[in-house]
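Undergrad: Take a look and give me a structure for this.
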Amino acid sequence: MIKFNECPFCSSSKFIKYGKYNKIQRYKCKNQSCNKTFSDCTNTVWYNSKKSTDHWYKYCKLMFSGKTIRECASKLNISINTSFQWRHKILNKLPICNKTIYLDNYIGFKNIYLYENFKGKKNLYLLNQNRKKVFISVCVNENKTSFAQIISKDILNQKKSYRLIKGKLNFKSQVIGFLDRYAIAISKKLNKNLMKLKRYSKSKEIELRNLTNLFCMKLRTWLAFFKGVATKYLDSYLYWFVHIFENSFSNKIISSKILSAIFCS
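TA: Purely as a prediction, here's the structure:
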């Protein structure tokens, strides 16, 4: 549930309690130009849903354990269309969780690219004839904490990649670039402003290289499972995969961090 300090529609701090519906507190904005009602569930992932929060929680567990839309629908007795809509409502909440990801210690870093995907659009044949590269920055540290996000299209934007990774680093960390000269150059620039850690060993470098390569390999395999993901949704799917990748090294199905992002924002 969300506890509001202001109206979610006009941001006015003046609102009153306005009764309850299904044991959920409702409010009414006193701003005359707004005058709208809202509840503790407004803007939550299950807002206006006829299903209980427990139903949504079960869906999250299935989704983050890698179940398909059809499998989730079958297990929870909902339609495939509803299952699809729920998935994308949950995916839309993941960027909030992604903002809390910070990396420390020794971090493997590389840039990869996929080709633009126009799945769901008309005139696919014409669009697919001129697909641009979509560059993605990938980081994985020795604790298997990972991060991936779209940087640019067509040409790798080094400045944007640098700014993005810089904003995800704790001071006590060191970045090791792999694959191309751009990743190596960016990592050297990043390390100038970080704490000088003990020089990593060759075995540590190999371990991080293997982890980063494993992330990228699993990501490509996972995306292929969907028979293509539209580029407009790709960042959300990257956030989703980050959690699947990290959970593959532990027994946790879904972390409290994800639940907080999905159910409390």
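Undergrad: how's the protein carved up into domains?
TA: As recorded under automatic domain parsing, the domains making up the chain are 1-43, 45-98+252-265, 103-229.
Undergrad: centre of the chain versus stretch 213-220, how much separation?
TA: 16 Å (CA atoms, centre = their mean, to the nearest Å).
Undergrad: whoops, stretch 49-57 was the one
TA: 21 Å.
Undergrad: what comes up buried for that stretch?
TA: Buried residues in stretch 49-57, counted by 16 or more other CB atoms under 10 Å: 49, 56. Bear in mind the C-beta positions are built from the backbone N, C-alpha and C, glycine included.
Undergrad: Span of it from start to end?
TA: Start-to-end span of stretch 49-57 (CA to CA, to the nearest Å) is 13 Å.
Undergrad: quick check: mean pLDDT across that stretch?
TA: Mean pLDDT, computed over stretch 49-57, is 81.
Undergrad: next one: stretch 247-258
TA: So the average pLDDT for stretch 247-258 ends up being 61.
Undergrad: Low-confidence stretches in the stretch 51-200 of the chain?
TA: Within the stretch 51-200 of the chain, the segments meeting pLDDT under 70 span 95-100, 124-128.
Undergrad: if you set the cut-off to 90 instead, what comes out?
TA: Scanning the stretch 51-200 of the chain for pLDDT under 90 picks out the ranges 51-68, 85-106, 117-131, 142-145, 147, 167-174, 176, 178-181, 191-200.
Undergrad: still on that earlier bit, quick one: closest of the domains of the chain to residue 241.
TA: Closest of the domains of the chain to residue 241 is domain 103-229, at 5.6 Å (criterion: CB to CB).
Undergrad: Much appreciated, bye for now.
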